[in-house]
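1. below are the sequence and a predicted model for it; my questions follow.
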Amino acid sequence: MCYLGIDSQLPGCRKECDRVWGETLKEIFNKLYSFIRRRVSNYADADDIFQMTCLKTLLCRCNYAGHSKPATWIFSIALNLIRNYYGEKKKGTIFSSFDNDLENTLFFCPEDVYIQNELVCKTLNEIENLTEENRQMFKIMLEEGSSYQDVAQVMKIPIGTIRSRLSRSRALIKNKML
């Protein structure tokens, strides 16, 4: 049973959970936007913070521990994003820094962040579905940053075999992703 009172063992529980979070966001939509606008004078920045709040709510909903009402938890996300906004503004880096850290920047399109996150999750799931040898090759290359030659030496197989297996694995993952 999750903190929203949804039995996680039931089929479709994820859809139900998504529906509940979506309804919660709809219920507090105007209050949340007003809360942010009272604290951020720039309309564009307030819109960005509002979008990031909604995005972070949906992406991090599994972290909700149930210690407060869902709406309170969502407002705390907004407040943290506002604090980050003013912290970055105070440092003078808000308009000069485009780092990839989702936690510290508000300049990514929330839809693009969500799509990229979903794509990474799907790719990692497809890598997990590969054979043990192919997963090991990906692990050595991605986590350790090794070359084909290094992978061939570690796995004690010819470099041509590494290249062909990786090529076939990449094609398989790409086909499953489409």
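-> Good, I have the coordinates.

2. need the phi and psi values for the residue nearest the centre of the chain.
-> Central residue check for the chain by CA atoms, centre = their mean: the C-alpha nearest the mean position is that of Asn117, 4.2 Å away. Dihedral pair for Asn117: phi -60, psi -40, per degrees, to the nearest 10.

3. for it, which non-adjacent residue is closest in space?
-> Once flanking residues are discounted, Asn117 sits nearest to Leu59: 6.5 Å by CB to CB, 6 or more residues apart in numbering. Just so you know, the C-beta spots here come from the backbone N, C-alpha and C atoms, and that holds for glycine as well.

4. how deep is that neighbour tucked in, by neighbour count?
-> Using other CB atoms under 10 Å, Leu59 is surrounded by 15 other residues.

5. isn't it up against Gln116?
-> No: assessed by CB atoms under 8 Å, Leu59 is found out of contact with Gln116, at 11.1 Å.

6. next up, the contacts around the residue lying farthest from the centre of the chain.
-> Ranked by distance from the centre of the chain (CA atoms, centre = their mean), the top residue is Pro158, with 36.9 Å. Applying CB atoms under 8 Å, 6 or more residues apart in numbering to Pro158 gives the contacts Ala152.
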